[in-house]
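S.K.: Structure of the sequence below:
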Amino acid sequence: MSGIITAVLLVVVISLIVGVVLAAASVLMEVPTDEKTEKIEESLPGANCGACGYSGCAGYAAALSNGEAQLGLCSLGGQEAIDAIAPIIGTQAVKSVPKTAVVHCGGNDSNTAKMAEYQGVRSCACANQLFAGLGKCLYGCIGYGDCVHVCEYGAISINDGVAQVNVEKCRACGKCVNVCPKKLIAIEPKRSHAVVKCINCDKGAQTKKSCAVGCIGCMKCDNECSLGAIRIEKFHAVIDAEKCTGCEKCVSVCPQHVIEMSR
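M.R.: Numbers count the residues shown, from 1 in each chain. Coordinates of the predicted model:
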């Protein structure tokens, strides 16, 4: 009987010692919390999508608290988040600029073709491992819908072999941007501006062989734009949505009809 009592007492003593050690460790190793950062993070949507350019909401909150980030980068939070965070960081609220995802590819089934049949997992990421895709254009949308599956708002669908975004449903979270193996999707202002529906980096002659509406880098749009909103990069035109005013001059001069207006 005395042996049992001794064992019980021993367990109790060990438990007390361990409890004291853990309590002391929790005090000594406690990470100080920044109340300002916590309040900012509570004002963010908590999606941790990374569309703001930081490592989730916590990273963006810390950067805002330290004065290292610009207010209004959270597309998902929108104006509500801006209004809530502005007084916390002691600044004036800015106007939220609505944004949406834009797919930079016009290579649908009518404009280009497949060069092989694929019988593996229906995933853009998997198909991209096989000769960078199955289409004649190695830069175009694979069309297996990885972006569709990752979108929580039902804003993306595959139509005629190419991803399309419903701007009314899109919350500009950026998850589709991260999952696209071709990097065809970008987050841009939700207003009328010109969009080049191609990122083909081949020279013009090769591009025309692979897609009827591929950008050939002819520079006509660049020469027509007086705002400096267009540049030719790796044999295709790139438009700065922030500078574009939607005059549509580039649309009218494009011989490939690869530039469209984002409405």
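S.K.: isn't there a helix covering Ile82?
M.R.: Yes: under DSSP: H, G, I helix; E, B strand; the rest coil, Ile82 sits within a helix.
S.K.: That one and Ile88, how far apart?
M.R.: From Ile82 over to Ile88 the distance is 11 Å, taken as C-beta to C-beta, to the nearest Å. (Each C-beta comes from the backbone N, C-alpha and C, glycine too.)
S.K.: Check Arg263 too.
M.R.: Note on Arg263: its distance to Ile88, by C-beta to C-beta, is 36 Å.
S.K.: repeat for Cys215
M.R.: Distance from Cys215 to Ile88, counting by C-beta to C-beta: 45 Å.
S.K.: do the same with Glu68
M.R.: If you go by C-beta to C-beta, the gap between Glu68 and Ile88 works out to 15 Å.
S.K.: ditto for Ala62
M.R.: According to C-beta to C-beta, Ala62 and Ile88 sit 13 Å apart.
S.K.: follow-up on the earlier one: more crowded one of Arg263 and Ile88?
M.R.: Neighbours of Arg263 and Ile88, each counted by other C-beta atoms under 10 Å, are more numerous for Ile88; the result is 18 against 9.
S.K.: In stretch 148-157, which residues are buried?
M.R.: Using 16 or more other C-beta atoms under 10 Å as the test for burial, stretch 148-157 gives Val148, Cys151, Ala155, Ile156.
S.K.: mind showing which ranges of the protein have poor pLDDT?
M.R.: Applying pLDDT under 70 to the chain flags the ranges 1-3, 27-33.
S.K.: and the longest helix for it?
M.R.: In the chain, taking DSSP state H as the definition, the longest helix is helix 2-28.
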